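Peer 1: Give me coordinates for this.
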Amino acid sequence: MRVKIISILAMSALLSACQMTPNETSDNQELDQEHQIAEQIRVSCEQSGEQVADIFDCDSAEAGTIPVTHPVDEVVVDELEAPEEVAAVDEEIVDIWQRISKQLNFEIIDDKRVTEQRDWYLRHPAYMERVAKRAKPFLHLIVEEIEKHNMPLELVLLPIVESAFDPFAYSHGRAAGMWQFIPATGKRFGMKQTWWYDGRRDVLASTRGAIAYLTYLNTMFDGNWLHALAAYNSGEGRVMAAIKRNKKANKSTEFWALDLPRETRAYVPKLLALADILKNSEKYNFVWPEIENQALTQAVDVGSQIDLALAAQMAGLTVKELHALNPGYNRWATDPDGPFELLLPIDKVSQFQQALAKTDSKERLNWVRHKVKGGDSLLKLADKYHTTVDIIAQVNELKGNMIRQGDYLVIPVALKSLDSYSLSQDQRLVATQSKKHSGAFKLSHEVKSGDTMWDISRKYKVNLRSLAKWNGMAPTDPLIPGKNLVVWVDKVTDSQSNNAIMRSLTYTVRSGDSLARIADKFKVSIKDIQQWNKINAKKYLQPGQRLKIYVDVTRT
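Peer 2: Sure, this is the predicted structure:
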């Protein structure tokens, strides 16, 4: 489940009799964690069924691939159609699925694993409707890239297995994007990952990277595509080791005979099942949602950093529509150091280019002039204006991090309010954390230095993977001090009984109030009040201060 860019000649030079580089070791460590988490999710789904359905993708777990998290709201570009004046296409192939189908050549063997996966897809046509809707803006671009590199067209179907064609998908093992790269493999194959941009979610960058990685794997495994696909899912080291074990035991080294993780044993059959259904759609009476066999989007090089709200305005799109086509951008603007490429609906390209030509690069961002006050720091200003310390320092030609009171700094800021950039990383997190989950109460935990996801899950007595899911994270993601996590719990006090009827209220502190007096008034503990409101025990309450209190109405 991963991806990145490298020339085919360079990749040939990378091959080395299966000796693992430090990067490969890192990749396999992350993959091991991902497979362990996937197996735990599968067990949870089997044991708890509907109780965990809102937390985990149990269908994916059951089907044998690593489950991914999708955004709270469906992220698609509606009404994307090719204009009539676009260059003519092959009139005999008007549907791109037909174009793919005519070039499928993998042998589909009669195997139980393939049959099980094929039956699952045939029972879920609505699933393919959702997949096709997500794929529509990007499918032609992907087909063109794979054909250009003379790769098997079966690979076009791989994003269905990986992410259901969702560029915002994120797995519990930290794999991101349509092609599901973990961070190490993404970097290994050239995908830039910064505060501003994540190439793993950029559709063009990740597709080119996937082609590079798959070419590398195919060369490593002497042209055996099933081995290469298995390695794409579980790592080349693991597949190579399985082959060596079988050779040593005088067993078959075909994919079907290898001892591989459960997800990998199902992963390759899943792709083969999709290829079989597409190639024999009439036989299976399965209708693939039609997608035009022509380009619906086009990449435009902007040449400099640009506010996404301004770019959307130039193209006649909403910010959400532009961001849905360009999911690699984490924030309100493109990365100041590039890439500067934007994917646009093909019928919007001309008006965008005309508007862009009239806009100087300095006018592509909004700027504020900030007078430095006492207590200001570059870190504080970067947080306030939603940018980075490096950008402020670079724009103002600062040689260090020191700033003086009374000086003026020029700082780039978002053109619109941040909630207008609804698909930025920050706003997607807000949407995820706002979603109601199975717990009765939503608490907030501010991460402190030394905190781990495991420690926090134990503190609140919640499932580790659930905690990660509620916050749009993977269990292995690093925690940043100051970050707020949401925690859903059924109980908010240790003394709360199972049949308690809880209500939350806001209490305004009055003159003479103390934590002890308030705790006694509402029959809760001082410790609970401190925890709910992040109160430092050494600080006094102030009149007018507002406190959140959870009250058991059966006891008050």
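Peer 1: Quick one: residues contacting Val413.
Peer 2: If you count contacts by CB atoms under 8 Å, 6 or more residues apart in numbering, Val413 has them with 365-368, 385-387. C-beta here means a position set from N, CA and C on the backbone, and glycine is covered the same way.
Peer 1: List the buried residues of the helix or strand containing Arg113.
Peer 2: Assigned by DSSP states H and E, Arg113 belongs to helix 112-123. Judged by neighbour count using 16 or more other CB atoms under 10 Å, the buried positions of helix 112-123 are 113-114, 116-118, 120-121.
Peer 1: Distance to Val462 and pLDDT for the residues you listed - can I get that in JSON lines?
Peer 2: Shown next, in JSON lines, are the buried residues of helix 112-123 (distance: CB to CB, whole Å; pLDDT from 0 to 100):
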{"residue": "Arg113", "distance to Val462": "35", "pLDDT": "92"}
{"residue": "Val114", "distance to Val462": "39", "pLDDT": "94"}
{"residue": "Glu116", "distance to Val462": "34", "pLDDT": "91"}
{"residue": "Gln117", "distance to Val462": "33", "pLDDT": "92"}
{"residue": "Arg118", "distance to Val462": "38", "pLDDT": "93"}
{"residue": "Trp120", "distance to Val462": "31", "pLDDT": "91"}
{"residue": "Tyr121", "distance to Val462": "34", "pLDDT": "92"}
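Peer 1: wait, which of those is closest to Leu258?
Peer 2: Proximity of those to Leu258 was ranked by CB to CB; the top entry is Arg113 with 12.4 Å.
Peer 1: ok, the closest one touching Tyr267?
Peer 2: No - applying CB atoms under 8 Å, one finds Arg113 not in contact with Tyr267, separated by 9.8 Å.
Peer 1: now for the helix or strand following the helix holding Arg113, which elements pack on it?
Peer 2: Downstream of helix 112-123, the next assigned helix or strand under DSSP H and E is helix 125-135. Secondary-structure packing of helix 125-135 (3 or more CB pairs under 8 Å, 6 or more residues apart in numbering; DSSP states H and E): helix 158-163.
Peer 1: three-state assignment of the closest residue in space to Asn471 that isn't next to it in sequence?
Peer 2: Leaving aside its sequence neighbours, Asn471 sits nearest to Leu485 (CB to CB, 6 or more residues apart in numbering; 5.0 Å). Of the three states, Leu485 takes strand under DSSP: H, G, I helix; E, B strand; the rest coil.
Peer 1: Provide the partner residues of Leu485 in its beta bridges.
Peer 2: Beta-bridge partners recorded for Leu485 (DSSP bridges): His445.
Peer 1: what about Lys373, helix or strand, and which?
Peer 2: Using DSSP H and E, no helix or strand contains Lys373.
Peer 1: For it, give me its contacts.
Peer 2: Contacts of Lys373 by CB under 8 Å, 6+ apart are Gln405.
Peer 1: What separation do you get for it and Asn396?
Peer 2: 16 Å (CB to CB, to the nearest Å).
Peer 1: Likewise for Gly338?
Peer 2: 21 Å.
Peer 1: got it, and Tyr127?
Peer 2: For Tyr127 relative to Asn396 (CB to CB), the value is 51 Å.
Peer 1: same deal with Pro336?
Peer 2: 14 Å.
Peer 1: Next: Val268.
Peer 2: 54 Å.
Peer 1: quick one: average pLDDT of the helix or strand containing Glu144?
Peer 2: Using DSSP H and E, Glu144 sits in helix 139-148. On average, the pLDDT along helix 139-148 is 95.
Peer 1: Against Met178, how distant is the nearest residue to Lys192 once chain neighbours are set aside?
Peer 2: Spatial nearest neighbour of Lys192, chain neighbours left out: Gly199 (4.7 Å); criterion: CB to CB, 6+ apart. Distance, Gly199 to Met178, using CB to CB: 12 Å.
Peer 1: so what sits against both of the two?
Peer 2: Ser206.
Peer 1: For the nearest residue to Ser163 once chain neighbours are set aside, which residues are in contact?
Peer 2: Counting by CB to CB, 6+ apart, Ser163 lies nearest to Ala169, which is 3.8 Å off, once chain neighbours are set aside. Listed by CB under 8 Å, 6+ apart, the contact partners of Ala169 are 68-70, 162-163, 176-178, 180.
Peer 1: which SS class is Pro543?
Peer 2: Using three-state DSSP, the secondary structure recorded for Pro543 is coil.
Peer 1: Could you count how many residues lie near it?
Peer 2: 10 (other CB atoms under 10 Å).
Peer 1: and it, backbone torsions?
Peer 2: Backbone torsions for Pro543, taken as degrees, to the nearest 10, come to phi -50, psi 140.
Peer 1: distance of the residue nearest to Lys192 from Thr207?
Peer 2: For Gly199, the distance to Thr207 equals 11 Å [CB to CB].
Peer 1: Looking at the two now, which is surrounded by more residues?
Peer 2: Gly199 (27 against 24).
Peer 1: what comes up buried for stretch 317-337?
Peer 2: 317, 319-336.
Peer 1: Any idea how far apart the tips of that stretch sit?
Peer 2: Stretch 317-337 has its terminal residues 24 Å apart, counting by CA to CA, to the nearest Å.
Peer 1: same question, stretch 388-399
Peer 2: End to end - CA to CA - stretch 388-399 spans 15 Å.
Peer 1: Over to stretch 164-179?
Peer 2: 10 Å.
Peer 1: Only the buried residues of it, if you could.
Peer 2: Across stretch 164-179, burial judged by 16+ other CB under 10 Å covers 164-179.
Peer 1: buried set for the helix or strand where Asp455 lies?
Peer 2: Assessed by DSSP H and E, Asp455 sits inside helix 453-460. Buried residues in helix 453-460, counted by 16+ other CB under 10 Å: 453, 456-457, 460.
Peer 1: next one: stretch 427-434
Peer 2: 427-429, 432-433.
Peer 1: Strands along the stretch 401-550 of the chain, start to end?
Peer 2: Here the stretch 401-550 of the chain has its strands, by DSSP state E, counting those that start in this stretch, at 408-413, 441-446, 484-489, 502-508, 546-552.
Peer 1: ok, of the ones you listed, where does mean pLDDT dip lowest?
Peer 2: When these are compared by mean pLDDT, strand 502-508 comes last with a mean of 72.
Peer 1: Between the two ends of stretch 93-108, how far is it?
Peer 2: Per CA to CA, the first residue of stretch 93-108 is 24 Å away from its last.
Peer 1: just how off-centre is that stretch within its chain?
Peer 2: Centroid displacement of stretch 93-108 relative to its chain, using CA atoms, centre = their mean, to the nearest Å, is 29 Å.
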